[in-house]
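Peer 1: got a structure for you, letters missing:
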């Protein structure tokens, strides 16, 4: 009986010690979290999808130190940087890459920029929105940094535990990232609501110019910007829309597709066609 009691007491002590170690490791990880958010901007303002990425950074850890990366050129870039500096209480720094090279969302130069910023900043997390730009950039930048990205995150349980859809969205999967830093992830902006908390007037993050000397080393350009063709509409962008109306072969004719567009306008939704 004495030996059994001693064994039981030892097991309980080891259990408490193991639990304490896990708790300590979790708290240490939260304290060491620092996040780089790759932000998009338009018209001198940070896009709503990037503000949702800031909300995701807050979900990772309340003590998160967040840097916001903006690229482009001209007055609109610097206006967007001013907006970013006061966009969220967690924003610790706004990094600005001012060059015509980043005026358009080409993944090749942006991936080199992201690698350079990460190597100098040593961030634990890198977040981009699941927009066409983010989906194009993140895998390329992750390959340059030799890590595996976690895509389409819809919820964050712990700094390295995420929920993402699988099987065309028919199931949700909880995944744990076990790789090296940085943990690179794209988030679905509709799953993270931007903060409505008012910023104190004195809380404005510093704006820092990014060292672009690495551009001299990138001699080969595998892509070039041609033009952008888009249709002006008052309906929300598909990536940020809370309601999406879709139609496919069942509508059968172009006249019936007009019904889809009329319904989308009534609901204030994004319209999407499948053929």
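Peer 2: Alright, I've got the coordinates. Computed from a predicted model, the values in this text were never measured in an experiment.
Peer 1: Surely residue 51 touches residue 194?
Peer 2: Yes - counting by CB atoms under 8 Å, residue 51 touches residue 194, with 3.8 Å between them. Every C-beta, even on glycine, is put in place using the N, C-alpha and C of the backbone.
Peer 1: Among these two, which residue is more densely surrounded?
Peer 2: Legend: neighbour count by other CB atoms under 10 Å for residue 51 and residue 194, higher for residue 51 (23 against 18).
Peer 1: From residue 250, how far off is the more buried one?
Peer 2: 36 Å (CB to CB, to the nearest Å).
Peer 1: what sits against the spatially most central residue of the chain?
Peer 2: In the chain, the C-alpha nearest the mean C-alpha coordinate belongs to residue 128, at 2.5 Å (CA atoms, centre = their mean). The contact partners of residue 128, taken as CB atoms under 8 Å, 6 or more residues apart in numbering, are 37, 38, 53, 134, 137, 138, 185, 186, 187.
Peer 1: Helix or strand for it, just tell me which one.
Peer 2: strand 125-129 (DSSP states H and E).
Peer 1: who does that strand pair up with?
Peer 2: With DSSP bridges as the test, strand 125-129 is paired with strand 34-38 (parallel), strand 183-187 (parallel).
Peer 1: Please, where are all the strands along the stretch 1-150 of the chain?
Peer 2: In the stretch 1-150 of the chain, the strands defined using DSSP state E, counting those that start in this stretch lie at 34-38, 41-42, 45-46, 65-72, 91-98, 125-129, 150-153.
Peer 1: Pop the domain breakdown of the protein in here.
Peer 2: 28-216, 230-275 (automatic domain parsing).
Peer 1: next one: the longest one to chain centre, how far?
Peer 2: Looking back up the chat, that one is domain 28-216. 5 Å (CA atoms, centre = their mean, to the nearest Å).
Peer 1: please renumber so the chain begins at 51
Peer 2: Renumbered: residue one is now 51, and that last one reads domain 78-266.
Peer 1: what does the average pLDDT come to for that domain?
Peer 2: The predicted model gives domain 78-266 an average pLDDT of 90.
Peer 1: Please apply the same query to the shortest one.
Peer 2: Per-residue confidence for domain 280-325 averages out to 72 on the pLDDT scale.
Peer 1: what two of the contacts of residue 178 are the furthest from one another?
Peer 2: 187 and 237 (13.5 Å; CB to CB).
Peer 1: give the contact list for residue 237.
Peer 2: Residues near residue 237 by CB under 8 Å, 6+ apart: 102, 103, 106, 177, 178, 179, 180, 202, 203, 204.
Peer 1: quick one: which of the residues you listed is nearest to residue 226?
Peer 2: Of these, the one sitting nearest to residue 226 (CB to CB) turns out to be residue 203, at 12.4 Å.
Peer 1: Give me the neighbour count for that closest one.
Peer 2: Burial of residue 203 is recorded as 21 neighbouring residues (other CB under 10 Å).
Peer 1: That one pairs with what?
Peer 2: residue 237.
Peer 1: need the contact list for it.
Peer 2: Residue 203 touches 106, 212, 213, 214, 235, 236, 237, 238, 241, counting by CB under 8 Å, 6+ apart.
Peer 1: per-residue pLDDT, residue 57?
Peer 2: 43.
Peer 1: Start from the N-terminal end of the stretch 51-200 of the chain and give the helices.
Peer 2: Counting by DSSP state H, counting those that start in this stretch, the stretch 51-200 of the chain has helices at residues 52-81, 98-110, 125-135, 157-171, 182-195.
Peer 1: which residues touch the fourth one?
Peer 2: Helix 157-171 has contacts (CB under 8 Å, 6+ apart) with 84, 86, 88, 117, 119, 121, 145, 147, 151-152, 176, 183, 186-187, 190-191, 194-195, 232, 260-262, 264-265, 268, 271-273.
Peer 1: got it, and the second one?
Peer 2: Under the contact criterion CB under 8 Å, 6+ apart, helix 98-110 has outside partners 83, 85, 87-91, 114, 116, 118, 137-138, 140-141, 175, 177-179, 181, 184, 203, 205-206, 209, 235, 237, 239-245, 287, 289-290.
Peer 1: could you check the angle strand 175-179 makes with it?
Peer 2: Relative orientation of helix 98-110 versus strand 175-179 (axes from the mean of the first three to the mean of the last three CA atoms, to 10 degrees): 150 degrees.
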